[in-house]
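Trainee: Got a predicted model here, sequence first, then my questions.
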Amino acid sequence: MTGTDRLARIEARLQSLEDERDITRLILSYGPLVDSGDADGVAGLWTDDGFYDVDTLRMDGRAQIAAMVRSAPHRAWIEGGCAHLSGPPHVVVDGDRAVAVCHSLLVVHGDGGFRVQRATANRWDLCRTSDGWKVAERTGRVLDGREVSPALLHAGVRAER
Amino acid sequence: MTGTDRLARIEARLQSLEDERDITRLILSYGPLVDSGDADGVAGLWTDDGFYDVDTLRMDGRAQIAAMVRSAPHRAWIEGGCAHLSGPPHVVVDGDRAVAVCHSLLVVHGDGGFRVQRATANRWDLCRTSDGWKVAERTGRVLDGREVSPALLHAGVRAER
Amino acid sequence: MTGTDRLARIEARLQSLEDERDITRLILSYGPLVDSGDADGVAGLWTDDGFYDVDTLRMDGRAQIAAMVRSAPHRAWIEGGCAHLSGPPHVVVDGDRAVAVCHSLLVVHGDGGFRVQRATANRWDLCRTSDGWKVAERTGRVLDGREVSPALLHAGVRAER
């Protein structure tokens, strides 16, 4: 391998690690932004026409995602005390596309302590844009025994449909 | 330092980051695979003769690990709704060996919500194989006050026995 | 770009990834060390004059942090069974300073299972020292509905004050 080829190979490996770092950081910014009610900040994680599909609520585009964050039910979670905790994401990058999966917990404050209101299987489909990595699709399914939820994790960890 | 030495040093640093990335990804694939009942996928994270020792159940080799995933008790967790959530792993690589520790939670669905069925201290001993990083040993101990559980975390975070 | 410039650029990118790795590993060592009551190990994560401010308890310097770990209330958590689980940290490095945020859960053992005793918003301000990255300031605020807690996450994820 020539010196130039060797440098190019090194730069490609670095780029791959940086892509995973950027995607992980993007996903991990969701919790702090949604816990603090930053509707535009949350929506800005998605592409213009990205969607967020969570069980019975499907949000198409940034405006609908921002509206969820501003909604009375979401405000009630914040006012009562909540943590949208993400498990560490498993990320697989393929060029300008990536698939990540993680568990998440909605932990809410109640009498004398906290309870796990919801445990969710999450799949994130991301794409590289001129403004960095963005979420094209996020699908969340509650882990209450329905078969679709573990199936979502299984396909996602293999970066399959 | 010559240009060649400098390149070799860079490549070694990259390899170290890639090893940690690969190990983290391996550990983070456990939850999605076990939640979805992929017995062969779970067992394939281990070396042929690796073991998984969790409190009173010790599984030696891939066949016993796969049998646990296929067992009626494990199927019952999945059918009722569960999340095997891993905390982010603390990873220390030393050549072709590595030690990782993490907390994990078994969160299960119940009446009107979810509960933390179990909080576990985990130590993973991993090795580099011709097929990538694999788990040689995983030990899990429930954090119910028994002294062995925090001791496992303490030794593991220092990569000590 | 000359070959020398290109190498220097590569080394700077590597350094950035290594800094984030080191900071993540530092933060993730807190849980195992505090769960196992290693008072000096916990205190050693901070700078000599670092502080740890958690709701009504403010600890200034390593001696006060170590005293908390050795205190009867903390010993009682360990003896009863507990997990100081950290969510994955969101880390932003700026030269020799860094800001990280994460959720954390204090999960404690009780009758027939575990409960989430506390969900906390954490901000870590870190600095590079001759002994590696250390915690200069850590602030934790319980997510029970008080406004300061999500505000802490929001400022931290943007690395703002």
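Mentor: Nice, thanks for sending it over. Keep in mind it's a predicted model, so treat the numbers as computed, not measured.
Trainee: Would you map the strands across chain A?
Mentor: Ranges of strands within chain A are A:46-54, A:57-60, A:82-86, A:90-94, A:97-110, A:113-129, A:132-142, based on DSSP state E.
Trainee: Mean neighbour count, those: which tops it?
Mentor: Compared across the strands of chain A, strand A:82-86 shows the largest average neighbour count, a mean of 25 (mean count of other CB atoms under 10 Å in any protein chain shown). Bear in mind the C-beta positions are built from the backbone N, C-alpha and C, glycine included.
Trainee: wait, isn't A:Asp55 in contact with A:Gly140?
Mentor: Yes. Because the distance of 7.0 Å satisfies CB atoms under 8 Å, A:Asp55 is recorded as touching A:Gly140.
Trainee: got the residues of chain A near chain C?
Mentor: With the criterion set to CB under 8 Å from any CB of the partner chain, chain A comes near chain C through A:3, A:7, A:10-11, A:14, A:17-18, A:21, A:24-25, A:28-29, A:31-33, A:35-38, A:41, A:78-83, A:85-89, A:107, A:109, A:113-116.
Trainee: Taking these, please make a ChimeraX selection of just the buried ones.
Mentor: ChimeraX command restricting the residues of chain A next to chain C to the buried ones, with burial defined by 16 or more other CB atoms under 10 Å in any protein chain shown:
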select /A:7,10,14,17,21,24,25,28,29,31,32,33,35,36,37,38,41,78,81,82,83,85,86,87,88,89,107,109,114,115,116
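Trainee: average pLDDT across stretch A:31-44?
Mentor: What stretch A:31-44 shows for mean pLDDT is 98.
Trainee: With adjacent residues omitted, what lies nearest to the most centrally placed residue in chain A?
Mentor: Geometric centre of chain A, nearest residue: A:Ile27, 4.4 Å, by CA atoms, centre = their mean. Nearest non-adjacent residue to A:Ile27, counting by CB to CB, 6 or more residues apart in numbering or on different chains: A:Pro89, 4.9 Å away.
Trainee: how close does the one you found sit to A:Leu26?
Mentor: 9 Å (CB to CB, to the nearest Å).
Trainee: Quick check: the gap between the spatially closest residue to A:Gly44 that is not a sequence neighbour and chain B.
Mentor: Among residues not flanking A:Gly44 along the chain, A:Arg62 sits closest, at 7.1 Å (CB to CB, 6+ apart). Between A:Arg62 and chain B the computed distance is 28 Å (CB to the nearest CB, to the nearest Å).
Trainee: Now do the helix ranked longest in chain A against helix C:3-35, angle only.
Mentor: Of all segments of type helix in chain A, defined using DSSP state H, the longest is helix A:3-35. Inter-element angle recorded for helix A:3-35 and helix C:3-35: 40 degrees (by axes from the mean of the first three to the mean of the last three CA atoms, to 10 degrees).
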